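K.L.:
3D model of this:
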Amino acid sequence: MLIYSDIVFIGGVIDVTINDRITHIRKYYDLKQEQFGNKINLSKSSISLIESNKRNATDRIIADVCREFKVNPDWMRTGEGEMLDDEIDENDFYFKLGYYSSNLTEFQKNIIMGFLEMPEQTQNDLMDFMKKLVNGEKPKS
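P.N.:
Model (predicted):
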């Protein structure tokens, strides 16, 4: 459940604006206006103007907030759906995969390649084994 501290009432109907949702996101992440602004290349005063409804959020600002804070764009624009976008950003995944893989040793790369080339059932068995090992359980011989 989302709770907004600054709600605008129009004709007895609650009107939560994009600007209100931006405020909510900043507070959700427990950021000061300056910290929030730095993440999306805006000044503290720009964030203050948006949050006080003296300036409307532009399409660029909305896109930057959604990208930087993994916010569902539909929720940002309409208030409908979940606030956070739970879908994995494939570009972000592949970027991180490339970054981390560039620092692997040949042995580590061979382990990963070997795993990916295993039959699916063997992969599942190995993952179950690793989960038990990580959780401190004694694997079966």
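K.L.:
From now on I want contacts and neighbour counts done on CA atoms only, so please keep to that.
P.N.:
Noted.
K.L.:
how does this protein divide into domains?
P.N.:
According to automatic domain parsing, the chain comprises the domains 8-78, 90-134.
K.L.:
Now do the end-to-end distance for stretch 66-85.
P.N.:
Taking C-alpha to C-alpha, to the nearest Å, stretch 66-85 runs 9 Å from one end to the other.
K.L.:
Could you do stretch 103-122 as well?
P.N.:
Start-to-end span of stretch 103-122 (C-alpha to C-alpha) is 27 Å.
K.L.:
Contacts made by it with the rest, please.
P.N.:
101, 123 (C-alpha atoms under 8 Å, 6 or more residues apart in numbering).
K.L.:
again with stretch 52-63
P.N.:
For stretch 52-63, using C-alpha under 8 Å, 6+ apart, the contacting residues are 18, 19, 40, 46, 49, 50, 73, 76.
K.L.:
Any idea how many residues pack against the last one?
P.N.:
Residue 76 is surrounded by 24 other residues when neighbours are defined as other C-alpha atoms under 10 Å.
K.L.:
Equivalent analysis for residue 85, please.
P.N.:
By other C-alpha under 10 Å, 17 other residues sit near residue 85.
K.L.:
Name the nearest residue to it, sequence neighbours excluded.
P.N.:
Nearest non-adjacent residue to residue 85, counting by C-alpha to C-alpha, 6 or more residues apart in numbering: residue 72, 4.4 Å away.
K.L.:
how near is that neighbour to residue 37?
P.N.:
In terms of C-alpha to C-alpha, residue 72 sits 19 Å off from residue 37.
K.L.:
Out of the contacts of stretch 52-63, who's the most crowded?
P.N.:
Highest neighbour count within those, by other C-alpha under 10 Å: residue 76, with 24 neighbours.
K.L.:
That one reaches residue 20, doesn't it?
P.N.:
No: applying C-alpha atoms under 8 Å as the test, residue 76 and residue 20 come out as separate, 9.6 Å apart.
K.L.:
Quick one: distance of the longest helix along the chain to the chain centre.
P.N.:
Taking DSSP state H as the criterion, the chain has its longest helix at helix 120-134. Put simply, helix 120-134 sits 28 Å off its chain's centre (C-alpha atoms, centre = their mean, to the nearest Å).
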